[in-house]
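Peer 1: Sequence first, then the predicted structure:
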Amino acid sequence: MTQADERVLEFLHEKDIIASPSVIAANIDYSNEYISRRCQQLAEEGFIQRTDPSNYQITDLGEKFLTGELVEEEEDEA
């Protein structure tokens with residue numbers, strides 16, 4: 001998990017919104033292209049989910065990661 005990944009999760013959690021990579025990128029000061037790639041990876045790992053072709057929201061797994069409830073084995077399986 002990169003620092004940008006954590007920022008994506010924090011943004012989606014704190015704002016409690018569904019957002020596109022471009023909206024996320026604009027709010028956490030990373031490039032749209034980079035955040036788009038990271039969102040795809042986070043979705044593949046189950047930390048966020050695609051709600052439609054261009055938007056994402058945080059999942060229960062992502063919430064658990066932020067609160068520290070996710071144990072290392074669960075994180076490795078994700």
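Peer 2: Good, I have the coordinates. Numbering: from 1, shown residues only.
Peer 1: Leaving out sequence neighbours, find the closest residue to residue 35.
Peer 2: Nearest in space to residue 35, with sequence neighbours left out and distances taken as C-beta to C-beta, 6 or more residues apart in numbering, is residue 25 at 4.0 Å. In this view, the C-beta of every residue, glycine as well, is placed from N, C-alpha and C.
Peer 1: My guess is that neighbour contacts residue 37. True?
Peer 2: No: in this structure, residue 25 is not within contact of residue 37 by C-beta atoms under 8 Å, at 10.7 Å.
Peer 1: When those two are compared, which one has more neighbours?
Peer 2: The neighbour count for residue 25 versus residue 37, taken as other C-beta atoms under 10 Å, is higher for residue 25 (23 against 13).
Peer 1: helix/strand/coil for that one?
Peer 2: helix (DSSP: H, G, I helix; E, B strand; the rest coil).
Peer 1: Report pLDDT for it.
Peer 2: pLDDT recorded at residue 25 is 98.
Peer 1: Show me which positions of the helix or strand that residue 61 is a member of end up buried.
Peer 2: Residue 61 is part of helix 60-67, with elements assigned from DSSP states H and E. For helix 60-67, the neighbour count (16 or more other C-beta atoms under 10 Å) marks 61-62, 64-66 as buried.
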